[in-house]
Every structure is written in C-alpha cells, then in structure tokens.
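K.L.:
turn this into a structure:
(2 chains)
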Number of protein chains: 2
Amino acid sequence: MNIVVDGMGSDYAPTPEIRGCIMALQEYPDLHITITGKQNLIQQELNSVGFTSHNLSIYPTTQVVEMTDKPSSVYKKKKDSSLVTGIKLVQSGKADAFVSAGNTGAILSISLFLLGRIEGVRRPAVAIYLPVYPHGVVLCDAGANINIKPHHFLQFAVMASQYMEHVHGIQNPRIGLLNIGEEDSKGTDLYVKAHKLLNKSLPTFKGNIEGRYILNNIIDVIVCDGFLGNNILKFAEGWVSHITEQINRKIKTQVSSPEEAEDIKRIFTEVMSEYDYEEYGGVPLLGVNGVCVICHGSSPSRAIKNGILEAKKSVEENLVTFIQNGIHQYIKYIETRNV
Amino acid sequence: MNIVVDGMGSDYAPTPEIRGCIMALQEYPDLHITITGKQNLIQQELNSVGFTSHNLSIYPTTQVVEMTDKPSSVYKKKKDSSLVTGIKLVQSGKADAFVSAGNTGAILSISLFLLGRIEGVRRPAVAIYLPVYPHGVVLCDAGANINIKPHHFLQFAVMASQYMEHVHGIQNPRIGLLNIGEEDSKGTDLYVKAHKLLNKSLPTFKGNIEGRYILNNIIDVIVCDGFLGNNILKFAEGWVSHITEQINRKIKTQVSSPEEAEDIKRIFTEVMSEYDYEEYGGVPLLGVNGVCVICHGSSPSRAIKNGILEAKKSVEENLVTFIQNGIHQYIKYIETRNV
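P.N.:
Sure, this is the predicted structure:
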C-alpha cells in the first residue's frame, strides 16, 4: 500500500509530516509512503533525523498551498503544489490514499474535483471521531456542508455508519440526530424534517440526541449539519485550552509542592488530551471516490502518524466500496423524493 | 423591592428555592421575597431550618407545573400554579421580578402572554452569562428562538448589550456573531445576512467570533440563533460532567495519597464550577415587559440565590427601560426593512 502525505500542509511543515511518516513506517515497515513537497526542505529534515528507508519516497513539488488561499483558485494557480499533486497521485492510482494537514477547503474542493464523488453521494462530508470510553463516537458533518437539506442528513448517517463499522469495528452503529431536545418536534424546521426522514429510513436511528449526551456513548454516529458540527467542535477546542489554562493558574497559586503540581498536571493533561482533536489525528472525508484524511493545521507528528494509520485502515477495509454499497441501499429512496 | 420566587419549580422543590431565598435575605435584609407554592410544604421546610422573617411571605397556590407539561396548555390548565401565579404578581405590580427554576418553555410562554413584550421587541430571548476571566461574556439567544430571521439577531445584540452594560457594568460591550470563521462570507445564508445587518447597524459589532474564542474575553456579547446557542450550552454542560468523571477515574487509579487526591479534586472542582451553568444561577429572559430570571431545573440553593440577586440588580438598574430605549434606536431601521 502506498499512502501519499502532503509534506507542506501543516503550520510547521515539513517537520511534523516527516516525523509522522517515520513513526508510521516504524510501526508498519511494510507500508510505503510518498511525501510531496519541496525536496530540499524534506531532505534536510530527513538528514537531520538520520532516517533513510526504501519505503519513504519524495515526490518533488514547487508550490505550497497556504491556509489563506481561496480553495476555488488553488487548482488553477497551484497545480504543482504538494496538495494538488498528492491528490493527483491518488487519482492516477499511483497512491491508495491521501493525508494532509493543509487548507481544509482546498482539500475538499480539489479531492472532489479530481477524485469525484462516490456514485450516489450528493455531498461529501467530514467526520470527526471523538475517542470516548468505552469506544468512540463520530460526529458528521463537522464542517464541509453549511447550507443543507434533509436528505443530506440521511447520506451523512449512512456514510458515517459505514466508517464506524469498517474502520472502528462498531457493528450496527446507533445513529442520533444532534438536537436541542429528545422530542421529534424539536429543533429548526430543517431538523424536524431530517428527524422524520431518518426515522422512517434507518432502522438503527435512535432519535434526537442532546449535546449534553454526545460524550456519553449512548449513540455511535451523531449527524448534524456542518454549521452546527463545526461550531460545536470549535467550541470544544477552545474549551480544552481554556480549562487547561485555568487549571495551570490554580496550580501555581494553590499548590506548594512541586511534585504534587506535576502529578496534577499529568493527570489533567492525560484526560484533556483524549478530547483534544488537534492532537488526535486525521478526520476522514467521506463520500469522495478515494481515501482522503484531513489533519488539523497545527498537527504534531503523532497526529500525522495517526492520520496515516487512519488512511491505511480505510484502504484495507475498503471503506469507499462499503460507502458506495450503503448509499445504494438508499439512493432510490432519495432520488424519488424531494425532501 | 419585592421579588416573587416560584417555590415549586426545581427538580427538588421547594428545598433549594426556600434555602436560596433565605440566603438572599441574609445578604440583603431590606429585600422582600414572596414565595409561591404549596403552603404546607413551604412552611414545613421553613420550620425545618428554623427561619422566620417578615420579609419572606408565602403566597399559597395549589397546582404545580411539571417539566413535562406542554407550555401552551399551562395557562389554561394550571392557573393556580406557583408559576402562573408568580408571573401574575409581576403583571399586577405586586412584585417587581419573577424567579423560577421551572419549565422553561412555560415560563417563556406565560411571561410573554401575561407581561407582553417590550415595545418594539419582536422576540424575547434568553441570555446566558458565562463568568470567564477577567469579566464574563453573554451568549444570546440561548434557546428561546429556534427559527429566526436576520433582524432578530440585531435585537438580540441590542438587548444583550443593555443587559451587559446595566447588570454587569460593561461599558460599550463588544458584540460578536457566533460563526465558523472570521470572514464575512462564513456560515449559513442566515448568518451571512445577519453579519451584514449587524455590521452596518451597530458600531460596537466586531464581526464573527469562532466558538474557540467564546471564553477568551475578546467579545462581551455573543449573538446566535437559539438552536445553535442551546446546542452549544448543552454540549458544554455534558462536557463539564464528562470531564469531571474522567478526572475522578484517573485520580482513583493513579493517586495513592488521599491528601493529594483531595487537593486535585478541589482544584479541579473549583475550576469546573465556574463553567457549570447549573451551578451558576439564573439567566434573564430579555425583551418581556418585566424582569424574569430562569434558573436551571437542577439548581441548588446557591443558584436560586444568584438568580434572585440577578433579578434584584435588573430591577434596580431599570433594565427593562434600557432595553426599550436600545430597541427604539433600531426599531425604525428594522420596521422599514424586510431582512
């Protein structure tokens, strides 16, 4: 299997990318990774860590997509970027999956343009996996689709269920609609309609789920529109860093023993890191005709490694095929209705 | 000043209500509180704590509004409830403000019906005050208005700004629109239009604010629709209790010294309690023609006391008049446009 990693995507590129690739290759020596980007920078970083392997190739590119680049103009203006070239390698079959910590909008738009959608998929969506105990939950859509219609919720539910079943091993994942109350009538008009559609279409749909239960493991797949999903995620991200700051402030003023302060910090950091999606790794782009994993811009090497392993698992488990089959079960229903 | 407290509203009524009233009276002996509810239950609770004061009266009622009661039928079916009677006391001028930890939908609907809206207000809204350092921020609307139009955002911004200025002493509060990115074009069609309207109407509007910065004190008033606001709040609530559980689990397995475990728990509890809106107190219902403060159903006595003090401050500062003046500045603009 060959996974292509965008070497110039993250805020601190190419260091986290290269170190993440090395970590993945150390764990899976049979894997092959192609890293796209500026050859001299990548080679320099490889030399500095003294790593050489036949399983890591550099595919030189000259351009870099910036976080400020307008997604719609990237393909035209930055054809020789690490991002566009990486996705082209998947398109041409030279790589099996693409991993990038670059401009999310550009990854969405270029992968949709070059790889296309899985047959029957209306809108590809981003799924965020939250690693709660005893097993994680996935939130979809986490930001790819802002203005949507009820039938898109159904597609998100089907795609994210296939992802949970085949990548995370959850049989018959329970689906919930993120909402402000349990009753069928709760939420905006869009959510009332989405509830109705999910309820009559999916036997594994368990109804609305309130935000307070997202982390309680009563539902495996939580569907929502990308505007709500992205707002929730960004709030969670801010919350983690804010609480961490407050804890450190309290420790400074209230704990006199340095050993105890260390213990508190360690316990707290361990708990919070489980919820810090910057740290966690990649999120899959579901519905495009190929495996694409998007990592956070500030990803450290561990997150890049996790993104690569997520891509590897998605390829091994034929996620794209399963999504296609899942969507086909519902496509006639969706095609014949204007909901 | 006479504040009427719904004695039967909370999950553990009337205990938290009565103890909250006593705490408020101990802090402000000049205050008068009327508590509505079942006389025998209230008297029993007062006897059990041995509290008597001329400044606490019982107004006996026979019915109780349950959390499961449909808001629209409460007025008809439960006229002699502690909730309806309490709001009637404000309507008739016998009380200056109403505080309840009861059925939020019923409080919204009955207060709107009996007290009416402040002239010019289209939709009353709920504002949640988040006590972050160095001073709090307010999120409005937190759940009263689910399907809304752009001009409602403008009213929420005006009402919540008056609340921050007059109840929390923040001069010229900075207003932000909760959104998934800073750019004007971000968000749903509704949010793009709301941004445009806020931007040209309010000199204190600072643009979009992402969820990750809600707690960073860069904005004083955060406006959003009630669907998004309520989802964010419910998620925050779940997050607090989930993280607390995880911390306790780690302490049990990783900390051997009981003293150290206590220290960790104390620090953590102190930090988290600042963000636990169940603990914090009441949230004002902005835009009705009277002071109404809604407390969480599971409010402990401290939260009820804080709700009473919030109501007291709102009356003293003439919040209703200031909201009316604020809305009047914008009413012509709103009336003449169909945005």
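
K.L.:
now the strands for chain A?
P.N.:
Assigned by DSSP state E, chain A shows strands spanning A:2-6, A:32-37, A:56-60, A:97-100, A:125-130, A:137-140, A:175-179, A:205-210, A:221-223, A:283-286, A:291-294.

K.L.:
how many neighbouring residues does A:Thr253 have?
P.N.:
A count of nearby residues for A:Thr253, using other C-beta atoms under 10 Å in any protein chain shown, gives 8. Glycine gets a C-beta too; all of them are placed from N, C-alpha and C.

K.L.:
any idea how far chain B is from it?
P.N.:
Using C-beta to the nearest C-beta, to the nearest Å, A:Thr253 is found at 10 Å from chain B.

K.L.:
contacting residues around A:Asp6?
P.N.:
A:17, A:36-37, A:82-83, A:86, A:98-102 (C-beta atoms under 8 Å, 6 or more residues apart in numbering or on different chains).

K.L.:
of these, which ones also sit close to chain B?
P.N.:
The subset of those within reach of chain B, by C-beta under 8 Å from any C-beta of the partner chain, is empty.

K.L.:
on that earlier part again, distance to B:Val158 and mean pLDDT added to the strands of chain A, as TSV?
P.N.:
Listed next are these as TSV, based on distance: least, C-beta to C-beta, whole Å; pLDDT from 0 to 100:
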stretch	distance to B:Val158	mean pLDDT
strand A:2-6	46	98
strand A:32-37	50	98
strand A:56-60	56	97
strand A:97-100	43	98
strand A:125-130	35	92
strand A:137-140	34	95
strand A:175-179	28	98
strand A:205-210	30	97
strand A:221-223	34	98
strand A:283-286	38	95
strand A:291-294	39	97
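
K.L.:
reformat the ones you listed as a markdown table; add distance to B:Ile180.
P.N.:
Putting the strands of chain A into a markdown table (distance: least, C-beta to C-beta, whole Å) gives the following:
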| stretch | distance to B:Ile180 |
| --- | --- |
| strand A:2-6 | 23 |
| strand A:32-37 | 28 |
| strand A:56-60 | 33 |
| strand A:97-100 | 20 |
| strand A:125-130 | 12 |
| strand A:137-140 | 14 |
| strand A:175-179 | 15 |
| strand A:205-210 | 21 |
| strand A:221-223 | 17 |
| strand A:283-286 | 15 |
| strand A:291-294 | 15 |
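
K.L.:
need the winner for burial among those.
P.N.:
Highest mean neighbour count among the strands of chain A (mean count of other C-beta atoms under 10 Å in any protein chain shown): strand A:97-100, with a mean of 32.

K.L.:
same for that one, what does it pack against?
P.N.:
strand A:2-6, helix A:82-91, strand A:291-294, helix A:301-316 (3 or more C-beta pairs under 8 Å, 6 or more residues apart in numbering or on different chains; DSSP states H and E).

K.L.:
any idea of the angle the second one forms with strand A:56-60?
P.N.:
Per axes from the mean of the first three to the mean of the last three C-alpha atoms, to 10 degrees, the angle that helix A:82-91 makes with strand A:56-60 is 120 degrees.

K.L.:
and for the longest one?
P.N.:
Orientation note: helix A:301-316 sits at an angle of 100 degrees relative to strand A:56-60 (the same axes, to 10 degrees).

K.L.:
between the contacts of A:Asp6, which is nearest chain B?
P.N.:
A:Gly102 (16.3 Å; C-beta to the nearest C-beta).

K.L.:
break down chain A into its helices, ranges please.
P.N.:
Along chain A, counting by DSSP state H, helices occupy A:15-27, A:39-49, A:71-77, A:82-91, A:104-115, A:150-167, A:189-201, A:226-254, A:258-273, A:277-280, A:301-316, A:319-335.

K.L.:
flag whichever of those has the least confidence on average.
P.N.:
Least confident of these, judged by mean pLDDT, is helix A:277-280 with a mean of 60.

K.L.:
is A:Asn208 in contact with A:Ile175, as I believe?
P.N.:
No: A:Asn208 is beyond contact range of A:Ile175, at 10.9 Å (criterion: C-beta atoms under 8 Å).

K.L.:
how far away is the residue of chain A positioned farthest from its centre from B:Ala261?
P.N.:
Here the centre of chain A is the reference, and by C-alpha atoms, centre = their mean the most remote residue is A:Ser256, at 41.3 Å. Distance of A:Ser256 to B:Ala261, given as C-beta to C-beta, to the nearest Å: 17 Å.

K.L.:
then A:Lys186?
P.N.:
As judged by C-beta to C-beta, A:Lys186 and B:Ala261 stand 41 Å apart.
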